[in-house]
Structures are given as structure tokens and as C-alpha cells.
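Visitor: Sequence first, then the predicted structure, then my questions.
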Amino acid sequence: MLISEIEDEAGTIHVVAREGSHARVVRGARSVYALALEAARGGTTIASLIEQRGYGDTVDLEAAYRKGRVRSP
């Protein structure tokens, strides 16, 4: 699983998880750092936490990268 942060056109940050060729927004995730802290405090993995939260919209990571919208987590 590849985990990224992107910024949308309105400036909102989204966490995106990709497995294979599908990348989707992680519901309710403010940042990769926040996910990591929550997972550590809960004694679970980031991947398990992402599965619990579920997924939202599909994202084109390549397009986001070309537009300079991929952020460093």
C-alpha cells in the first residue's frame, strides 16, 4: 500500500491510499502523520486503520503529481 497526501484545488489536504493501480481518498484522514499517531496509540497498523476508515473518491495520482499537488507527508 502506497500512502500519499495531496492537496485539492481548494487547498484541502487529503490522504490517498493506492494498491495496484487504484488510488482512493481515505475517509476522515487529515494527514499521514495523524494516521500514524492514531495507529500507534491504538496499537494497530496504518493499513488496518485505513481499512477501518474506508475509502472515498478515486484519485489520479499522476495528474496530481503533474499539477504539483502531491505533498510530502
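Guide: Nice, thanks for sending it over. Numbers count the residues shown, from 1 in each chain.
Visitor: For the longest helix belonging to the chain, give me every contacting residue.
Guide: Longest helix in the chain, counting residues (DSSP state H): helix 32-42. Where contact means CB atoms under 8 Å, 6 or more residues apart in numbering, the residues beyond helix 32-42 that reach it are Ile3, Ser4, Glu5, Val15, Val26, Ala29, Thr45, Ile46, Ser48, Leu49, Ile50, Pro73. No exception for glycine: its C-beta is placed from N, CA and C like everyone else's.
Visitor: what two of these have the greatest distance between them?
Guide: Distance extremes for the contacts of helix 32-42: the farthest pair is Glu5 and Ser48 at 19.3 Å, using CB to CB.
Visitor: Please enumerate the strands of this protein.
Guide: 2-7, 13-19, 22-26, 55-58, 70-71 (DSSP state E).
Visitor: Output the contacting helices and strands for the fourth one.
Guide: Here strand 55-58 is seen to pack against strand 22-26 when contacts are counted using 3 or more CB pairs under 8 Å, 6 or more residues apart in numbering; DSSP states H and E.
Visitor: Which elements pack onto the strand it packs on?
Guide: strand 2-7, strand 13-19, strand 55-58.
Visitor: could the strands of the chain go into TSV alongside distance to Arg41 and mean neighbour count?
Guide: As requested, the strands of the chain are arranged in TSV below (distance: least, CB to CB, whole Å; neighbours: other CB atoms under 10 Å):
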stretch	distance to Arg41	mean neighbour count
strand 2-7	18	17
strand 13-19	17	19
strand 22-26	17	18
strand 55-58	22	12
strand 70-71	23	16
